[in-house]
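1. quick check, what structure comes out for this input:
(chains A, B, C and D)
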Protein chains: 2
Amino acid sequence: MRDVAALAHVSVTTVSRVINEEPGVSARLAVRVGAAIEQLNYRHNLTASSLRRADGRGGTIGVVLEYIADPFDALMHRAIEEYALTRGVLVLAGSLLEDEARERELIAALAARRVDGLVIMPAGHDQSYLMNERRSGTPMVFVDRPPGFFDADDVLTDNLDGSRRGVGHLLAHGHRRVGYLGDLQTITTAALRHQGYREELTAHGIGVDDRLVRTDVRGSERAEAATREILSNKPAPTALFAGQGPLTTGAYRALRSLGLHHKVALVGFDDIPLADLLEPGITVMAQDPASMGRAAAELLFRRMDGDRSPSVHQVIPTRLITRGSGEIRP
Amino acid sequence: MRDVAALAHVSVTTVSRVINEEPGVSARLAVRVGAAIEQLNYRHNLTASSLRRADGRGGTIGVVLEYIADPFDALMHRAIEEYALTRGVLVLAGSLLEDEARERELIAALAARRVDGLVIMPAGHDQSYLMNERRSGTPMVFVDRPPGFFDADDVLTDNLDGSRRGVGHLLAHGHRRVGYLGDLQTITTAALRHQGYREELTAHGIGVDDRLVRTDVRGSERAEAATREILSNKPAPTALFAGQGPLTTGAYRALRSLGLHHKVALVGFDDIPLADLLEPGITVMAQDPASMGRAAAELLFRRMDGDRSPSVHQVIPTRLITRGSGEIRP
DNA sequence: GAGCAAACTGGTAACGTTTCCAAAGCTAAC
DNA sequence: GTTAGCTTTGGAAACGTTACCAGTTTGCTC
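-> Next up is the predicted model:
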């Protein structure tokens, strides 16, 4: 920058003003500075800039997700990136893989880089360690899962409602014995979906048969095995509700291999790519990761712009997509 | 940091030494500094650190992809993130959406943040604008597509070979009229796959019938329409080769709706989630985005560690996965 | 043509670190 | 008891930028 100033015969202050498009610099000098920048192909150093800058902004936010390559997380990531780009902000992203220690490490790493804001899909249940960041004024928004022991904005799927409506859809088609597959109960979303399943059955005067329920099932393969176990009950369930994408595909695989995919109904929570091409197609309660990501980004940037109003808790509804598997009658 | 130094009754230099775990600071002082850091819950500022630091490293790399939410790109991104994490490095990622202008903007934005290295899946064909970054010593690795007018490391899929083997698989099953769907010819990978198709046919003494070939097809829906057109030829092709994931699903949709999915063979380039659950399953030439991402990351970090040897050009082979659709005989 | 405000320009001190160099303390050998 | 050499410590400059304040020029009014 000093070189640019020297070449353009101006002060570094003026160069800084030109670069930041501040008003009050004559066109004549601006052109001269521009030419010098071009000639030396000078690259502005945002790192140094943010160090001195009054607001300390470095044009970067941090996004902490469960697993970046998961379609749900990836769509959310993309929505955030897209919104951030309109504000000239770049995104640092990382995966947690349900590891609580990693959550703290990754957020510490982001804090060390002085990100302007954070979007967090937490792995643990206690985010009180974030008090310091919060106190020092770092804006943050939680997505998909709410923070624990900590007050902050969040954007969540309506898990309870979605689960109830999904199970209700099966009941409306005449089912009375509905099996359930769910992820780790320690994951808030999984617990809520499980709760929705139980509530909806109870609301219809149907007792929950725990032999038809498998929680803490991780991944597609174990879901396949669990499904076989559930189906081996006598009398067997006539329908299944799967509380997560991979569990849905696992259940579908089990049904297929048993030749029951046209006999036993299936509804899954969270949409699945290509689910419409299957025979039957898989009926799901679709989440809307793109909307969630956009909502989280909007909220975050509003906070970054100085909004200090009380915490906002945004709930994104699910959408029933009927494709066949959920409309099979007993 | 000054506060920490004051509280521990040492100089800032000593604090810096403790933080960076430099040798030559007595245990007594180290403990005192550690306690002060704890008490004030001081957070190291990597931004300022990298500004002064001799090597200028900020612990951040940039990753530029076509579309972050695409499964292929997301898996690659994840592989890079995973490797980077072992080195304490975070990843800034962005999507280009085939926009050449955006490529330059995004890379400029990353350069302004002084990333330690770059992984690039280029949208344009001329990367000579990167000369300056290269000259200033920023390590960079290209993935999936080679750089144009510019020498650099790259990690590519063996597109020509994969395409030839895919088409060869169809020919081995007795097909002589094989249709082709491809993405924009301006995209290097698409052009190579198209070339592979033609070469393989020619090698088997089969002339290319251009009525069976549709290039520059973008997206699943247009692929579906294009497939119908190809199939309307007389005599109709008995097999199809689709040069990209979305084109494969589009072709499959068309075959399904025409009731031909058990009659006309289909092989796609790039794997598709849940392709095994379809009836018939879709045979593909699978790419290996995770390996590519890891290879790119390894290469990049080797360069960042000071390796100045000549450019490396790594080629990752494809893998044939037979699932039924590609084994249909004419 | 004088006076005054507005517009423009520049010098210098920060921002929070690390690096460099010098000083102080200690040990061991003569 | 002195000196040499090592280890430990600290002071101050520097990294590339922006903020602050002061200085200069310009344009306008009377």
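2. ok, and the closest non-adjacent residue to A:Glu298?
-> Of all residues not flanking A:Glu298 in the chain, A:Tyr83 sits nearest, at 6.7 Å (Cβ to Cβ, 6 or more residues apart in numbering or on different chains). Any C-beta I mention is one placed from the backbone N, CA and C, and that applies to glycine too.
3. revised request: answer the last question for A:Glu279.
-> That would be B:Glu279: by Cβ to Cβ, 6+ apart, it lies 5.7 Å from A:Glu279.
4. swap in A:Arg211?
-> Per Cβ to Cβ, 6+ apart, closest to A:Arg211 is A:Asn233, 5.2 Å.
5. in a helix, the residue nearest to A:Glu298, correct?
-> Yes: according to DSSP: H, G, I helix; E, B strand; the rest coil, A:Tyr83 belongs to a helix.
6. quickly note the distance from it to A:Val141.
-> Distance check for A:Tyr83 against A:Val141: by Cβ to Cβ, to the nearest Å, it reads 12 Å.
7. which of these two has more neighbours?
-> Taking neighbours as other Cβ atoms under 10 Å in any protein chain shown, A:Tyr83 and A:Val141 compare with A:Val141 leading, 28 against 19.
8. return the residues of the stretch 201-330 of chain A in contact with chain B.
-> A:Thr249, A:Tyr252, A:Arg253, A:Arg256, A:Ile272, A:Pro273, A:Leu274, A:Ala275, A:Leu277, A:Leu278, A:Glu279 (Cβ under 8 Å from any Cβ of the partner chain).
9. just give me the closest of these to DNA strand D.
-> Closest approach to DNA strand D among these (Cβ to the nearest atom of the strand): A:Pro273, at 43.8 Å.
10. wait, isn't that closest one in contact with B:Leu274?
-> Yes: between A:Pro273 and B:Leu274 there is a contact under Cβ atoms under 8 Å: 6.6 Å.
11. run a quick neighbour tally on A:Tyr129.
-> 14.
12. not counting its neighbours along the chain, what's nearest it?
-> A:Arg104 (6.0 Å).
13. same thing with A:Glu103?
-> Nearest residue to A:Glu103 in three dimensions, chain neighbours excluded: A:Ala123, at 4.6 Å (Cβ to Cβ, 6+ apart).
14. for the one you found, list the residues it contacts.
-> A:Glu66, A:Leu96, A:Leu97, A:Glu98, A:Asp99, A:Glu100, A:Arg102, A:Glu103 (Cβ atoms under 8 Å, 6 or more residues apart in numbering or on different chains).
15. give me the subset of these lying in helices.
-> Among these, DSSP state H puts A:Glu100, A:Arg102, A:Glu103 in helices.
16. which phi and psi does A:Asp3 have?
-> Dihedral angles of A:Asp3 (phi, psi; degrees, to the nearest 10) stand at phi -60, psi -40.
17. is the helix or strand A:Ile37 falls within positioned near DNA strand C?
-> Under the criterion of DSSP states H and E, A:Ile37 resides in helix A:27-39. Yes: contact between helix A:27-39 and DNA strand C is present through A:Arg28, A:Leu29 (criterion: Cβ under 7 Å from any atom of the strand).
18. and the helix or strand that comes right after that helix, how far out from the chain middle?
-> Next helix or strand after helix A:27-39 toward the C-terminus (DSSP H and E): helix A:46-52. When distances are taken as Cα atoms, centre = their mean, to the nearest Å, helix A:46-52 is centred 30 Å away from the chain's centroid.
19. need the pLDDT of the residue nearest to A:Glu298.
-> A:Tyr83 carries a pLDDT value of 98.
20. could you check how many residues crowd around A:Asn159?
-> Count around A:Asn159 with other Cβ under 10 Å applied: 25.
21. that one reaches A:Gly196, doesn't it?
-> Yes: applying Cβ under 8 Å as the test, A:Asn159 and A:Gly196 come out as touching, 6.7 Å apart.
22. returning to that earlier point: pull out the buried residues from the helix holding A:Ile37.
-> Going by neighbour count (16 or more other Cβ atoms under 10 Å in any protein chain shown), the buried part of helix A:27-39 is A:Leu29, A:Ala30, A:Arg32, A:Val33, A:Ala36, A:Ile37.
23. so which of the residues of the stretch 201-330 of chain A next to chain B wins on neighbours?
-> A:Tyr252 (27 neighbours).
24. wait, that residue touches A:His261, no?
-> Yes: counting by Cβ under 8 Å, A:Tyr252 does reach A:His261; the two are 6.7 Å apart.
25. which neighbours do these two share?
-> Counting by Cβ under 8 Å, 6+ apart, the residues touching both A:Tyr252 and A:His261 are A:Ser325.
26. give me the distance between A:Leu160 and DNA strand D.
-> 46 Å (Cβ to the nearest atom of the strand, to the nearest Å).
27. what's the local residue count around A:Arg228?
-> 15.
28. and it, what element?
-> Going by DSSP H and E, A:Arg228 is in helix A:220-231.
29. now do the buried residues in that helix.
-> Applying 16+ other Cβ under 10 Å to helix A:220-231 flags A:Ser220, A:Arg222, A:Ala223, A:Glu224, A:Ala226, A:Thr227, A:Ile230, A:Leu231 as buried.
30. ok, the third one - contacts?
-> In this case it means A:Ala223. A:Ala223 neighbours (Cβ under 8 Å, 6+ apart): A:Leu181, A:Val217, A:Ala242, A:Pro246, A:Leu247, A:Thr248, A:Thr249, A:Gly250, A:Ala251, A:Ala254.
31. surely the first one meets A:Gly243?
-> Pointing back at A:Leu181 there. Yes: contact status for A:Leu181 versus A:Gly243: in contact at 6.1 Å, counting by Cβ under 8 Å.
32. identify the contacts common to the two.
-> If you check A:Leu181 and A:Gly243 against Cβ under 8 Å, 6+ apart, no residue is contacted by both.
33. so where do the strands sit in the stretch 101-250 of chain A?
-> A:118-120, A:140-143, A:153-157, A:178-181, A:213-214, A:239-242 (DSSP state E, counting those that start in this stretch).
34. please identify the most buried of those.
-> When the strands of the stretch 101-250 of chain A are scored by mean count of other Cβ atoms under 10 Å in any protein chain shown, the highest mean neighbour count falls to strand A:239-242 (a mean of 31).
35. show residues contacting that strand.
-> Counting by Cβ under 8 Å, 6+ apart, A:163, A:166-167, A:170, A:173, A:175, A:177-181, A:197, A:223, A:227, A:230, A:248, A:250-251, A:255, A:264-269, A:328, A:330 sit against strand A:239-242.
36. for it, which strands pair with it and how are they oriented?
-> Strand pairing for strand A:239-242, using DSSP bridges, gives strand A:178-181 (parallel), strand A:265-269 (parallel).
37. did I read that right, A:Gly94 in a strand?
-> Yes: A:Gly94 forms part of a strand when assessed by three-state DSSP.
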